[in-house]
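Asks: What follows is a predicted protein model with its sequence.
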There are 4 protein chains.
Amino acid sequence: MKVGVVGGSGYVGGELLRILLQHEKVDVVYATSRKYSGEYVFRVHPNLRGLTDLQFTDPSAEQIASNCDLVFTAVPHGESVKVMPRLIESGLKVIDLSADFRLRNPEDYEKWYGYKHPYPELLKRFVYGVPELYRDEIRNTRFVACPGCMAVTSILALAPFVKADLIDRKHIVVDSKIGSSGGGTKPTLGTHHAERYGVIRPYKPVGHRHTAEIEQELSLLANEKVVVSMSPHAVNIVRGILCTIHTYPKRQITVPEVWKTLRGFYKEEPFIRFVRDRKGLYRYPDPKVVVGSNFCDIGFELDEHANRLVLLSATDNLMKGAAGSAVQCMNVMAGFDERAGLKVGGLHPV
Amino acid sequence: MKVGVVGGSGYVGGELLRILLQHEKVDVVYATSRKYSGEYVFRVHPNLRGLTDLQFTDPSAEQIASNCDLVFTAVPHGESVKVMPRLIESGLKVIDLSADFRLRNPEDYEKWYGYKHPYPELLKRFVYGVPELYRDEIRNTRFVACPGCMAVTSILALAPFVKADLIDRKHIVVDSKIGSSGGGTKPTLGTHHAERYGVIRPYKPVGHRHTAEIEQELSLLANEKVVVSMSPHAVNIVRGILCTIHTYPKRQITVPEVWKTLRGFYKEEPFIRFVRDRKGLYRYPDPKVVVGSNFCDIGFELDEHANRLVLLSATDNLMKGAAGSAVQCMNVMAGFDERAGLKVGGLHPV
Amino acid sequence: MKVGVVGGSGYVGGELLRILLQHEKVDVVYATSRKYSGEYVFRVHPNLRGLTDLQFTDPSAEQIASNCDLVFTAVPHGESVKVMPRLIESGLKVIDLSADFRLRNPEDYEKWYGYKHPYPELLKRFVYGVPELYRDEIRNTRFVACPGCMAVTSILALAPFVKADLIDRKHIVVDSKIGSSGGGTKPTLGTHHAERYGVIRPYKPVGHRHTAEIEQELSLLANEKVVVSMSPHAVNIVRGILCTIHTYPKRQITVPEVWKTLRGFYKEEPFIRFVRDRKGLYRYPDPKVVVGSNFCDIGFELDEHANRLVLLSATDNLMKGAAGSAVQCMNVMAGFDERAGLKVGGLHPV
Amino acid sequence: MKVGVVGGSGYVGGELLRILLQHEKVDVVYATSRKYSGEYVFRVHPNLRGLTDLQFTDPSAEQIASNCDLVFTAVPHGESVKVMPRLIESGLKVIDLSADFRLRNPEDYEKWYGYKHPYPELLKRFVYGVPELYRDEIRNTRFVACPGCMAVTSILALAPFVKADLIDRKHIVVDSKIGSSGGGTKPTLGTHHAERYGVIRPYKPVGHRHTAEIEQELSLLANEKVVVSMSPHAVNIVRGILCTIHTYPKRQITVPEVWKTLRGFYKEEPFIRFVRDRKGLYRYPDPKVVVGSNFCDIGFELDEHANRLVLLSATDNLMKGAAGSAVQCMNVMAGFDERAGLKVGGLHPV
């Protein structure tokens, strides 16, 4: 299959290229970048030196359509929506990694993103790119909107329990911790190493946009409005997310019941791992262990004292949180082995 | 005043020595250590090289009592309780930094620490070492039990709101993040740099012992049982704590009301800073900024969407979270300027 | 091919397992560990969770020989030498990752390692595991001794220039910087996160053992004694080595001449990359870029002012510095594609 | 004494303010900043929150002269030289922290900085701000040019041995490692946390400008041209420098001789510490230990094998490498206790 990566110079674009260049069923035809057009890809993504001679280009939508079957759009929010109509018209399959097509309700864009969505009618054509929830829909669509990194990490932990109606839907706290690569490639004072190193920085304690996605998906599973209390924090790593999710069971539940809920929901999912051991150093999810892999590790603990169910989920924000999920969706759409290109585990120690 | 530091070779002991050796009103007579007796202090605390020729010694309780007015006990939980009776009998003033005398109810030791307290009658003689709550009691006592590092950081943020009866007392989530120095000096696989670096490790998602202290103090302020949902995480720094505290107001409250509650409660506290700016990189509390100082920075945000009040508090776990609080208590007990020895701010950047 | 990993619980053992479990031509029959025998491999190497059900075992040399074609020995120095005679007698092929068979001259073990080698006659049966220098010998041997991590990183940068007799052989400074994984899995005060984080620690400014290997190999290339001045430093990362090698050309040389020397020596080596760009952030070797890959990146700069040639080389100490080199040697010995199992590049950013 | 800090918003400016605001003999009249004029100092230097109400201002040279006795200029290279003539004419004492007045020979500015110095006649009026070398001259001057951070760290280690003519003056390798604060406050792709974290980045393997200062000072001590081979590296910390200096003794020397050379040269220097212990974790200089302090730690090791003397020196680049040295010079100029404002040691662990 011939694919293009629109917006190939960012961190998500780079990660897509890293995976796709090694994917046996895929030819990467384009890595587009206005800024770096004509430059070798490996100058921007130095890990790819010696692995590819690909150069960035700046083709038109028509050129992309003529030469590709499927395109990944890894451009910033607000940019994706501009190029999408032409890409869609051209007959291409599109996997979008921006936020522009994640929300089903156009009004949510006004509330959470502060802008009026210019193509509200397109929203319903996109499937939310979480194969664990929408595998069949992804198989049958041409358009996928990949989830936000913290959104997918939260949703995958919460979905089984919301679906099973086990937890209080008004007191769901998502306290997430994320590395610096989640903020993209643009240098600012806030990302300056001397300022960003060693922080535990609450960067959007209320009103984070991923809340909208999480509530959308959980409410669909619950068939009623779910309210999420989300607070993300920047911590001193580059890759990785941990979501600590504090929930309150509606009734007394037991550890075996939690296990049953998780296992019943996920069965044989290739990229979900349950992590809750009695011993060992990594007996709960920890992003250190998933760096470079497409796994979402999920664990939990029951707090009898406070009648609380703590859910823990960890991903690599650039993999399961972005490029990995996107390739997983591509595999589903194309009928490939869903694990193709994504079989690699993390590194340890790293 | 002549002081001794019992347990001078740990991180809290070292921090006490760093402060006390520069304190104008204090002579450090003893830094005790069984393991390092006879060794120069600066070999264990290399930052003190050139600043002191003090050596570790291993004196008896009687020797300490003969030569000191006040003693800091910075030994592990379970050790402090063994030496305390003799220290108390000797007429010394004691500031204890272990957990052995923090809880007023002996049964709490069985519940949270798993052991039967051998001297339950001593518990009521200790004042909980938070001058912001117990300044008068500290002034008039001979025995202070300094709080746990995550406990004091949480309590200081929550106290005004619990006291004012503004928040739901059954849904208080304390999600804390802490550096590696909080775990002490003993090397284990879990603290091995290759394993500990880069983690976001949930290390006690439920059942953390500091919960007991937090609930004790908040319940006293509330005059009814307060339940706390606490989950600490190890992150990739050495010093510092951030507590993100998710609470649910009982009724709709406003930002000015939050400010008024905070300011009314704390007035002119020398080590409480309010941090909530409209702009700037450090507009919320961040432990990066308090490293080496005795400040507890407190901030907040109101979440209208989820009807939530997020409280944020940051300390240096070895300072306001341990040695700094202890010296602050000593200053109060001795009638010194409460800020003596603690006037130094943090470093930036670091 | 059926292989075993003797000493599978250390960092090098874990990295061997990570690679070999995905290697299409290889079956991993044994991962041995006395300490963890019976335990799942993924409990020690958490990145392998979900990727293998292998358990650690503790087989005899005879069992290994009966069930394997080739064995990797990834045990500490001094341990390897004990098990080697039986492994060799059993007819197995052996790739050793300890230091016990790297040096050709038994007296060097007394000088640098402080012990008398018990089987000096075995030393000459081992080939030094650097395919870039000994590819033919490796193809035809049964016994390979993989190089030390800092040794191979230094040797690969220096070999072309020593061979070409371009540099002063008495003033070669190897100033290396290495992450904490190079020190193995054993926790000590020196590896305790609170002590090891943020250091730039000279840990063996003179007399480091890898000097012996570097001098051995360079002297063979030079046909005269080469003296190396080596000083390693522990820095605040987990994986990676940078060697900054300060040399003094015997005569005035030019940049094209340096390029010609490098390219002439290495031609089409699959794991050597030259990194010296005019622009870009990663225009010199930097271990950040090779983490997880088997590349050795080599760069240089000419200092006209001081008549100096600075060589720079970067590797992942667990990959090209250990497990990666070992698998590369196995591929050569077995006639596989030399890149099998090692095609993956690094991650960026990480 | 009334002082001003011209360029108060950078990292060196912030560190000057931190020290000076606590200095008992000093009133800080101005912290100047064009960009932040009118803003509270603590918004830029968040560690000073609660410690000062000072605001940035943008006064004229005349205003500064009218209200101050002494001014620190902590502006970038090329900026300092522009404002200096007016400051000098105004009768102020000036301590400059830029590179603009460090070099005595105007031609060195063309060679190393690529520009023609506009006021070559001013160069000879400045004393190089290293009290350990120029205490008397500093006491009697109005103008001090503080050294570069890596320069002073190197010079202090090398001076005794160059002065004593013990080492080969053509083979002096200064391999330095430095944290990100050394690069100032300006965000770039190279300082972006995701790119800068975890690197060991050779950023100027040849031709670094501090070479000029080091050679200047060493040549003066030697009475002949000394050539220095300098290569700095960016490593994953914020503060601190380690210089590993590889030298070759002219004749065989002994450890006692090295000690005697060091002690004879430095005698009772308040900010020089010798660090070379037989045991302990910090038995060589390590910047981790000096963070926040004005110490320069110096150690060494003799390499009999390669006939090498390795010198090791560590500083906090913002303290002894900049602001600390500047305040030390001020103390000398003003006749204060040389340690005033600088008595604080480092933090451990940090």
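Replies: Right, received. Where do you want to start? Residues are numbered from 1 along each chain as shown, chains lettered A, B, ... in the order given.
Asks: now the helices for the stretch 251-350 of chain A?
Replies: Ranges of helices in the stretch 251-350 of chain A, per DSSP state H, counting those that start in this stretch, are A:255-266, A:324-334.
Asks: what's the most buried one of those helices?
Replies: Highest mean neighbour count of the helices of the stretch 251-350 of chain A: helix A:324-334, a mean of 25 (counted as mean count of other CB atoms under 10 Å in any protein chain shown). Every C-beta, even on glycine, is put in place using the N, C-alpha and C of the backbone.
Asks: Secondary structure class of A:R43, three-state.
Replies: Secondary structure of A:R43, reduced to three states by DSSP: H, G, I helix; E, B strand; the rest coil: helix.
Asks: which residue packs closest to it, ignoring adjacent ones?
Replies: C:G280 (4.8 Å; CB to CB, 6 or more residues apart in numbering or on different chains).
Asks: So what does that neighbour look like in phi/psi?
Replies: C:G280 has phi and psi values of phi 90, psi 160 when expressed as degrees, to the nearest 10.
Asks: who are the neighbours in contact with it?
Replies: By CB atoms under 8 Å, 6 or more residues apart in numbering or on different chains, the contact set of C:G280 is A:R43, A:V44, A:P46.
Asks: swap in A:E217?
Replies: Applying CB under 8 Å, 6+ apart, the residues near A:E217 are A:Y128, A:V130, A:L133, A:A151, A:I155, A:A159.
Asks: Near chain C, which residues of chain A are found?
Replies: Residues of chain A lying near chain C by CB under 8 Å from any CB of the partner chain: A:11, A:14, A:18, A:22, A:43-51, A:180-181, A:238-239, A:273, A:275, A:277, A:279-282, A:286, A:289-293, A:295, A:297, A:343-350.
Asks: still on that earlier bit, export the helices of the stretch 251-350 of chain A to CSV and append columns for mean pLDDT and distance to A:M84.
Replies: Output for the helices of the stretch 251-350 of chain A, formatted as CSV (pLDDT from 0 to 100; distance: least, CB to CB, whole Å):
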stretch, mean pLDDT, distance to A:M84
helix A:255-266, 98, 32
helix A:324-334, 98, 15
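Asks: burial of the closest residue to chain D within the stretch 251-350 of chain A, as a residue count?
Replies: Distances between the stretch 251-350 of chain A and chain D by CB to the nearest CB are smallest at A:V350, namely 9.5 Å. The burial count assigned to A:V350 is 26, neighbours taken as other CB atoms under 10 Å in any protein chain shown.
Asks: Go ahead and confirm it touches C:G240.
Replies: No - assessed by CB atoms under 8 Å, A:V350 is found out of contact with C:G240, at 9.8 Å.
Asks: what touches both of those two?
Replies: Joint contacts of A:V350 and C:G240 (CB under 8 Å, 6+ apart) are C:V291.
Asks: Quick check: buried residues in stretch A:115-127?
Replies: For stretch A:115-127, burial by neighbour count (16 or more other CB atoms under 10 Å in any protein chain shown) applies to A:H117, A:L122, A:L123, A:F126, A:V127.
Asks: That one: end-to-end distance?
Replies: The separation between the terminal residues of stretch A:115-127, taken as CA to CA, to the nearest Å, is 21 Å.
Asks: Stretch A:184-195 now?
Replies: Stretch A:184-195 has an end-to-end distance of 16 Å (criterion: CA to CA).
Asks: tell me which residues of it are tucked away?
Replies: For stretch A:184-195, by 16+ other CB under 10 Å, it's A:T185, A:P187, A:G190, A:T191, A:H192, A:H193, A:A194, A:E195.
Asks: Identify those among those that sit within helices.
Replies: Within those, residues falling in helices by DSSP state H are A:H193, A:A194, A:E195.
Asks: between the residues you listed, which is nearest C:G324?
Replies: A:H193 (28.9 Å; CB to CB).
Asks: Could you pull up the residues touching the closest one?
Replies: A:H193 touches D:S180, D:T191, D:H192, D:H193, D:R196, D:Y197, D:V238, counting by CB under 8 Å, 6+ apart.
Asks: Please render the residues you listed as a markdown table that adds distance to C:Y113 and pLDDT to the earlier fields.
Replies: Shown next, in a markdown table, are those (distance: CB to CB, whole Å; pLDDT from 0 to 100):
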| residue | distance to C:Y113 | pLDDT |
| --- | --- | --- |
| D:S180 | 38 | 98 |
| D:T191 | 42 | 98 |
| D:H192 | 43 | 98 |
| D:H193 | 41 | 98 |
| D:R196 | 38 | 98 |
| D:Y197 | 36 | 98 |
| D:V238 | 38 | 98 |
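Asks: Select, from these, the two members most distant in space.
Replies: D:H192 and D:V238 (14.4 Å).
Asks: Where do the domain boundaries of chain A fall?
Replies: A:2-147+A:319-334, A:150-315 (automatic domain parsing).
Asks: so, if you compare the buried residues of stretch A:115-127, which one comes nearest to D:Q216?
Replies: Checking those one by one against D:Q216 (CB to CB), the nearest turns out to be A:H117, at 63.8 Å.
Asks: shouldn't that closest one be in contact with A:K111?
Replies: No - using CB under 8 Å, A:H117 is not in contact with A:K111, being 11.3 Å away.
Asks: In terms of secondary structure, what does whichever strand or helix holds A:V162 contact?
Replies: In the assignment (DSSP states H and E), A:V162 maps to helix A:149-163. Judged by 3 or more CB pairs under 8 Å, 6 or more residues apart in numbering or on different chains; DSSP states H and E, the packing partners of helix A:149-163 are helix A:131-139, strand A:172-178, helix A:210-222, strand A:228-234, strand A:241-247, helix A:255-266, strand A:296-303, strand A:308-315.
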